[in-house]
Structures are given as structure tokens and as C-alpha cells.
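1. With the sequence up front, the predicted model follows.
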Amino acid sequence: MLLLSAITSSQAQSISSSRPMKTINPAMISSFAPTGTLRVGINLGNPILANEDATTHQLQGVTIDIAQEIGKRIGLPVKLTPFKTAGNTVDAVKTGDIDLVFVAIDPVRGADISYTPPYIQIEGAYMVKSSSPIQSNEAVDVTGNEIVVGKGSAYDLYLTREIKNATLLRAASSQAVVDDFMSGKGNVAAGVKQQLESDAKRYEGLRMLPGRFMVINQAIGIPKARPQYEQTTAYLSEVITQLKQSGFAEDEPSFIQRMRKIKKQGFYFSQGEIDPNVSGLAVPVRFSNKEVPLALTLVASKNRFDFLNVEKLIEILQENAALIEQRFMELSEKGEI
């Protein structure tokens with residue numbers, strides 16, 4: 001489970017099971033996941049939260065980790081279904097094909113979807129060409145300006161309500177916004193700040209407008225058409241509260257900053273994040289540059305770590321991780337794995 005720690009999913013989940021949890025009764029489970037499998041819609045429109053590996057097509061990201069944790073807590077298998085846009089994800093909820101989604105809170109969607117409190121906040125921002133005379137967010141909503149936005153996204157819904165003078169041009173998806181913009185459509189691009197900044201690196205002559213035009217509250221959503229959706233929402237809200245208390249980032253900048261810090265230092269020391277009496281020290285085990293690394297983790301009582309040399313333990317774990325990587329490569333070359 002990705003709770004800003006380097007503990008692997010199975011290890012984190014085994015730790016979290018020791019923490020007292022609010023129970024979910026059979027009737028609620030039947031309402032929540034009527035097929036006996038928790039069907040989760042994964043919105044790939046924001047790669048900060050979820051993405052698909054280009055080589056393995058494996059889904060990865062924080063929303064996948066949360067979905068798997070929820071499945072474990074209610075004792076059901078999880079089926080992940082990727083969608084290219086948030087709009088498509090929401091449509092699947094309306095038709096009853098999906099039991100749970102991770103989308104931005106919006107009053108329009110709220111007619112059909114019941115939300116938990118947000119698990120993370122993300123900024124919506126504008127981008128223009130370097131030669132553009134537009135210097136501020138306030139200067140965007142002017143007659144003659146054309147804003148490229150991902151169709152059905154949270155910021156599309158927001159801008160549809162708020163923009164009074166400029167024109168909205170809808171790209172097929174959030175990922176297509178910058179490409180459409182660079183092909184000559186519109187004079188302003190709108191989207192998730194982090195994604196726009198990443199896309200802008202593929203082109204020259206682009207700049208971000210300072211600040212943000214909205215805050216996107218990302219939450220868990222379930223269909224209101226289910227008979228016990230209110231009770232289920234209350235249960236999932238408690239899950240989100242516990243994740244936040246365990247160290248889960250509540251906004252995009254802090255999430256990115258902590259991930260970069262962990263990656264740079266090469267280890268993570270989780271001290272009572274999931275269980276107040278348990279700590280874990282982990283280092284990555286990399287089998288491929290294209291694959292998400294696993295973790296070699298030492299888990300013990302929090303008090304036990306107080307009497308250990310953590311720096312020496314990190315050194316020992318890193319040495320053994322290197323041995324595992326080497327042995328894996330040897331077995332792979334022999335075709336034994």
C-alpha cells in the first residue's frame with residue numbers, strides 16, 4: 001500500500017490488519033459490490049494518481065493501492081478497469097458496471113455519485129505559449145480567448161460553470177490537451193498543474209501562468225443507486241480518515257515532495273504510520289528499469305528499533321537487496337524464472 005512509505009503492498013496490508021477497524025456487514029457488502037467482486041474504475045486521466053506501464057500494461061499508482069486496501073478490508077477480490085477519462089469512469093458508475101471510482105468532487109457528478117472526504121488535493125492551472133500576452137489567471141476569461149480542456153474532466157465541469165467570456169475547446173482526454181494546443185487549437189491550455197508541467201517538457205516555447213484557477217478535491221465515489229450507499233460512504237470515509245492519519249499526503253505538492261525525498265535517500269523508515277506500535281525499514285529491490293521496484297523490508301515493534309543502529313540496518317538491507325537483484329538476473333539469464 002502506497003502510504004508514502006517504501007513498505008510493499010502485502011507487508012503494509014498485514015500491518016494494517018492489526019489496527020482496529022470499523023466492520024462492514026454482509027448487507028452493506030452486497031449493496032457495495034453485488035457481484036461478489038469489487039469492481040473499481042481507474043481514471044488514467046491524471047498520471048499523478050494512476051498510470052499504466054507502457055510495457056507490461058500493469059496499473060500502478062496511489063488509487064490502485066487504495067483500491068486493493070479496501071478490497072482486503074471487506075474481504076473481496078478487486079477487479080481494476082482502466083478508463084482514459086474521468087467522464088468515462090463516471091459513466092460506468094451510472095450504468096452500474098463499476099462499484100467504486102476515484103474522481104474529483106463535483107456537484108454535477110454528485111447527482112449520481114456519493115463522495116467520501118477528499119484523499120488528496122490537486123491544483124488546476126493554465127498554460128500558454130511564451131509569446132502570449134496573457135500574464136495572469138484573471139486575464140484568461142476574456143472574449144476571444146479559447147481554452148483547451150479535457151472533455152468531462154473536473155476542470156472542464158468547473159470552467160463550464162465559471163467561464164463567462166472565453167470559449168472552451170474540448171480535447172478528447174486530459175492527456176490530449178497539450179497536443180491539441182500545440183497543433184494550433186486555442187491560446188490557453190487548462191489542466192492538472194503537474195501534468196501540464198510534464199507535458200510542456202515535450203515542447204519548447206511554453207510557460208505556466210502563476211498560481212492556480214481551482215483546487216481539485218480527489219475522492220472515492222460510489223453509485224447513489226445502491227440501497228445502502230450512505231452507510232457504505234460512511235465506512236469508506238473512515239478508511240480515508242485512517243489513511244490520512246497514517247501519513248498519506250493531502251495535497252499534490254507534499255505528495256510529490258515526499259516521493260522525491262524517499263527516492264533520493266534510497267530507503268524509507270516508517271515509524272508507527274499504520275500501526276502505532278510497529279515500524280518498518282525498507283530499501284528498493286529493482287529487477288528492471290521499466291518495472292516498479294519491490295521492497296526488502298524489516299518490520300519490528302517500534303520500541304525494538306529504538307535500540308538498533310538504523311544506519312547499519314540500512315547498509316545491511318541494501319547489501320542484501322543487491323544480492324537478490326544479482327541472483328534474479330542470473331536465474332533470468334538461465335531461463336529459470
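-> Good, I have the coordinates.

2. make it CA atoms for all contacts and neighbour counts henceforth
-> Noted.

3. Enumerate every residue touching S153.
-> Shown in contact with S153 (C-alpha atoms under 8 Å, 6 or more residues apart in numbering): T85, A86, G87, S173, S174.

4. Same list (those) but as CSV, adding distance to G152 and pLDDT.
-> As requested, the contacts of S153 are exported to CSV (distance: C-alpha to C-alpha, whole Å; pLDDT from 0 to 100):
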residue, distance to G152, pLDDT
T85, 7, 86
A86, 6, 86
G87, 5, 87
S173, 8, 87
S174, 9, 86
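
5. Let's see which of those residues end up in helices.
-> A86, G87 (DSSP state H).

6. And L206, its phi and psi?
-> phi -120, psi 150 (degrees, to the nearest 10).

7. and it, what pLDDT?
-> Per-residue confidence (pLDDT) for L206: 95.

8. Out of the contacts of S153, the closest to V149 would be?
-> S174 (6.9 Å; C-alpha to C-alpha).

9. Hmm, the closest one is touching V149, no?
-> Yes. In this structure, S174 is within contact of V149 by C-alpha atoms under 8 Å, at 6.9 Å.

10. And the contacts of S153, which two are furthest apart?
-> G87 and S174 (10.4 Å).

11. Looking at these two, which is more packed in?
-> S174 (28 against 19; other C-alpha atoms under 10 Å).

12. The nearest residue to that one once chain neighbours are set aside: neighbouring residues, count only.
-> In space, and not counting its chain neighbours, S174 is closest to G150: 4.1 Å by C-alpha to C-alpha, 6 or more residues apart in numbering. G150 has 28 neighbouring residues, counting by other C-alpha under 10 Å.

13. Overlap in contacts, S174 and V149.
-> Contacts common to S174 and V149, judged by C-alpha under 8 Å, 6+ apart, are G191.

14. now the contacts of S153 as TSV including distance to I48?
-> As requested, the contacts of S153 are arranged in TSV below (distance: C-alpha to C-alpha, whole Å):
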residue	distance to I48
T85	14
A86	14
G87	17
S173	15
S174	12
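
15. Go through the contacts of S153 and name the one nearest Y126.
-> Of the contacts of S153, the one sitting nearest to Y126 (C-alpha to C-alpha) turns out to be S174, at 13.0 Å.

16. residue contacts, that closest one?
-> G45, N46, T85, V149, G150, K151, S153, G191.

17. wait, P227 sits on I29?
-> No. At 10.8 Å, P227 and I29 do not qualify as touching, with contact defined as C-alpha under 8 Å.
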